[in-house]
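Colleague: turn this into a model:
(2 chains)
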Amino acid sequence: MKNYFKRLIFGPIDLIKGLIVTFRNLITPAITLQYPTQKQAMTQRYRGLIDLYPVKCIMCSQCVKICPTNCLALTHKEGPDKKKELESFKYKMELCCFCGLCAQVCPTAALYMNKIYEIATSNRKELEINLLNPDKYAEWAHPTVR
Amino acid sequence: MVTLSSLIVMVLVVSAVLGFISASAMFLIWWERKVSAHIQTRFGPMRVGWHGVLQPIADAIKLLCKEDIVPVGVDKWVWWLAPFFVTVPAVMAFVAIPFGKNLIVQDLNLGILYIIAITSTGIFGIFMAGWGSNNKYSLLGGMRSAAQIISYEIPLLISIITVLLFSGSLSMQKIVTAQAKYWFILNPSLFVAFFVYIISATAEVNRAPFDLPEAESELVAGFHTEYSGMKFAMFFIAEYTNMFTISAIAATLFLGGWRGPLLPGPVWFLIKTYTIIFVLMWVRWTFPRVRVDQLMGFAWKVLTPISLVNLIIAGWFILK
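Modeller: This next block holds a predicted model:
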């Protein structure tokens, strides 16, 4: 009986505490980001799509050798001043596992991973990327807002 | 003898009431989703219209277009009639709710008794839905609902009787007039009665934390598990209409009804009613659901004794 009155008097205090917590939540602004219009900034070391500074590349092919899925392929030719010159640098995104080994092994940091994460395409051919093309990610960096 | 003019008036009044009920239910559905979302620091519906205000209309269109599935083995008549038995009493209660000084469909001289009697018949519909569905979850939901409503009706009625001791009338308008000097909630005895009323009314309309008849984690969706499309929508509308009704009764009995300074009567009435509805939503999104034994224990061991003691004290004060 003593317990009964104790619970009757002190029970509502806990209920009010709970109500205060939810009311505080109610008046704090929502933490949700409205996705297509608002986007979260990616972390500093986010591993997005592979990207290349063509000037920095020394064509050592270490990235091609270390790639566990063989998604990178580069060819080079002799330039007019008898120096090696990049001919093509292909990146098959459908094979890439985003491990980041290529960027890690690159001695001149020519290869790096950017912060693009909206990488869905409607066509398989779009997944084969020519890394020498400067506008290769132009469409993906600013996807259409629906 | 029904004349043509009185018939026209009747049709107009009924359409106004039905229009208000559907608009109110839609608003409440949107509001509930918004309140629940913001309590969980989310946004809730945002895409359909400004801050998702048109979301209930989109939901209603979806429900209207849905296939009306009749499960095998249902008790056809009982199953078909159940949504109507739930919705009709919810709508009928609006006859005696005073929205303003003259804004009442019919000021019955036993208005509050009528409302309590008519809303209690909604349990038939819930039990019919549970029985007719031929589904163990539905049946359990219906049984729980019956047990719950019978238990909570007692403290609810006793707390209303406490109000009637002070008002001296069963008519809703006269109860409002009796609060000309002060709102009944300011009276200590009626302050207790107000809380007993709100708690038992929450249980009456099967809302969380007393939503055992439709406890998702135990009974799928309880008594309306087998219903889809417009029949489900009728249960939904009835739930929100009942919520409006109990809040309107609380506003009338304890908060002075349509009385208030400056603003016109109906505005005061709606402000008070929607404030109570907000509190009910707030409570729903704060507390976890009670167990069945806790539910019954709370009704019989806590609410009923408190309301009885409260009634005796109130009577003693009046007689003194």
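Colleague: which parts of the chain are helices?
Modeller: I'll assume chain A. Ranges of helices in chain A, per DSSP state H, are A:2-27, A:62-66, A:101-105, A:138-141.
Colleague: oops, chain B please
Modeller: Going by DSSP H, chain B shows helices at B:4-39, B:55-65, B:76-92, B:111-120, B:122-132, B:136-167, B:172-178, B:188-204, B:216-219, B:229-254, B:265-284, B:292-297, B:304-319.
Colleague: now the angle between helix B:229-254 and the fourth one, please.
Modeller: So that's helix B:111-120. Orientation check (axes from the mean of the first three to the mean of the last three CA atoms, to 10 degrees): helix B:111-120 against helix B:229-254 gives 150 degrees.
Colleague: name the nearest residue to residue B:211, ignoring sequence neighbours.
Modeller: Nearest non-adjacent residue to residue B:211, counting by CB to CB, 6 or more residues apart in numbering or on different chains: residue B:289, 6.2 Å away. (C-beta placed from N, C-alpha, C; glycine too.)
Colleague: pick out the shakiest of the helices of chain B, pLDDT-wise.
Modeller: Ranked by mean pLDDT, the helices of chain B bottom out at helix B:216-219, which scores a mean of 78.
Colleague: residue in chain A nearest to chain B?
Modeller: residue A:22 (4.4 Å; CB to the nearest CB).
Colleague: need the contact list for that residue.
Modeller: B:39, B:282, B:285-286 (CB atoms under 8 Å, 6 or more residues apart in numbering or on different chains).
Colleague: picking that back up, out of the helices of chain B, nearest to residue A:125?
Modeller: Counting by CB to CB, residue A:125 lies closest to helix B:55-65 out of these; the figure is 37.7 Å.
Colleague: in that closest one, what counts as buried?
Modeller: By neighbour count on 16 or more other CB atoms under 10 Å in any protein chain shown, the buried set for helix B:55-65 is B:55-56, B:59-60, B:63.
Colleague: from these, which is closest to chain A?
Modeller: Closest to chain A, out of all of the buried residues of helix B:55-65 and judged by CB to the nearest CB, is residue B:55, at 15.3 Å.
Colleague: what is the neighbour count of the closest residue in space to the closest one that isn't next to it in sequence?
Modeller: Residue nearest to residue B:55 in three dimensions, not counting chain neighbours: residue B:45, with 4.0 Å by CB to CB, 6+ apart. Neighbour count of residue B:45, defined by other CB atoms under 10 Å in any protein chain shown: 19.
Colleague: circling back to that earlier point, who wins on neighbours among the contacts of residue A:22?
Modeller: residue B:39 (21 neighbours).
Colleague: still on that earlier bit, quick one: residues contacting the residue nearest to residue B:55.
Modeller: B:30, B:33-34, B:37, B:51-52, B:55.
Colleague: of those residues, select the buried ones using a ChimeraX command.
Modeller: Filtering these down to the buried ones (16+ other CB under 10 Å) takes a single ChimeraX command:
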select /B:30,33,34,37,52,55
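Colleague: for the stretch 1-150 of chain B, which residues are neighbours of chain A?
Modeller: Neighbours of chain A within the stretch 1-150 of chain B, by CB under 8 Å from any CB of the partner chain: B:35, B:37-43, B:46.
Colleague: of those, keep whichever come out buried.
Modeller: Those of these that meet the buried threshold are B:35, B:37-40, B:43, B:46, by 16+ other CB under 10 Å.
Colleague: farthest-separated two in those residues?
Modeller: B:39 and B:46 (16.1 Å).
Colleague: out of the buried residues of helix B:55-65, which comes closest to residue B:129?
Modeller: Closest to residue B:129, out of all of the buried residues of helix B:55-65 and judged by CB to CB, is residue B:63, at 16.6 Å.
Colleague: could you check how many residues crowd around the closest residue in space to that closest one that isn't next to it in sequence?
Modeller: The spatially closest residue to residue B:63, leaving aside those adjacent along the chain, is residue B:233, at 4.4 Å (CB to CB, 6+ apart). When neighbours are counted by other CB under 10 Å, residue B:233 registers 20.
Colleague: now residue B:186
Modeller: Around residue B:186 there are 13 residues (other CB under 10 Å).
Colleague: just to revisit the earlier point, of the buried residues of helix B:55-65, closest to residue B:20?
Modeller: Ranked by distance to residue B:20 (CB to CB), the buried residues of helix B:55-65 are led by residue B:56 at 14.9 Å.
Colleague: residues in contact with that closest one?
Modeller: B:26-27, B:29-30.
Colleague: neighbour-wise, give me the winner out of those.
Modeller: Ranking the contacts of residue B:56 using other CB under 10 Å puts residue B:30 first, with 22 neighbours.
Colleague: now residue B:292: how far from residue B:212?
Modeller: Look at residue B:292 and residue B:212: by CB to CB, to the nearest Å, they are 6 Å apart.
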